[in-house]
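return a 3D structure for these sequence lines:
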Amino acid sequence: MPTYDYRCVANGQVVEVSHRMSEVLSTWGELCERSGTALGETPAQSRVDRLATGGHVVQRGTLNNPAAPACPAAGNGCGGCSLN
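Numbering: from 1, shown residues only. All right, here's what the predicted structure looks like:
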């Protein structure tokens, strides 16, 4: 499931939570229930906004490949990295 960041308008707190793309949380109470965060002194009906974040897209094979990616400058003596 995708991960989203929400910010509570009333207290300014940002909370990360996972849910379906079709689902939207709109109150602090919903967000706290989903994330396991304590309500604290913030009213449960306080509005939360979903923040725009850079999507965390990872290709399937990336995490399974222990080898470092090939350096396009390797072997040409450019001095651009520690591999030369």
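
distance check, the closest residue to residue 18 other than its chain neighbours against residue 23.
Spatial nearest neighbour of residue 18, chain neighbours left out: residue 1 (4.4 Å); criterion: CB to CB, 6 or more residues apart in numbering. Heads up, the C-betas are built off the backbone N, CA and C, glycines and all. Distance of residue 1 to residue 23, computed by CB to CB, to the nearest Å: 9 Å.

remind me which residues of the chain are low pLDDT?
54-84 (pLDDT under 70).

ok, 80 please
Applying pLDDT under 80 to the chain picks out residues 53-84.

helices of this protein, start to end?
Here the chain has its helices, by DSSP state H, at 28-35.

all strands of it, in order?
3-8, 14-18, 48-50 (DSSP state E).

so for residue 35, which of the ones you listed sits nearest?
Between residue 35 and the strands of the chain, the shortest gap by CB to CB is with strand 14-18, which sits at 4.5 Å.

returning to that earlier point: ok, residue 1 and residue 23, which is more surrounded?
Under the criterion of other CB atoms under 10 Å, the comparison of residue 1 against residue 23 puts residue 23 first, with 13 against 9.

distance check, the more buried one against residue 41.
For residue 23, the distance to residue 41 - CB to CB - is 26 Å.

returning to what we had before: which stretch among the strands of the chain comes nearest residue 34?
strand 14-18 (5.0 Å).

which strands and helices sit next to the closest one?
strand 3-8, helix 28-35 (3 or more CB pairs under 8 Å, 6 or more residues apart in numbering; DSSP states H and E).
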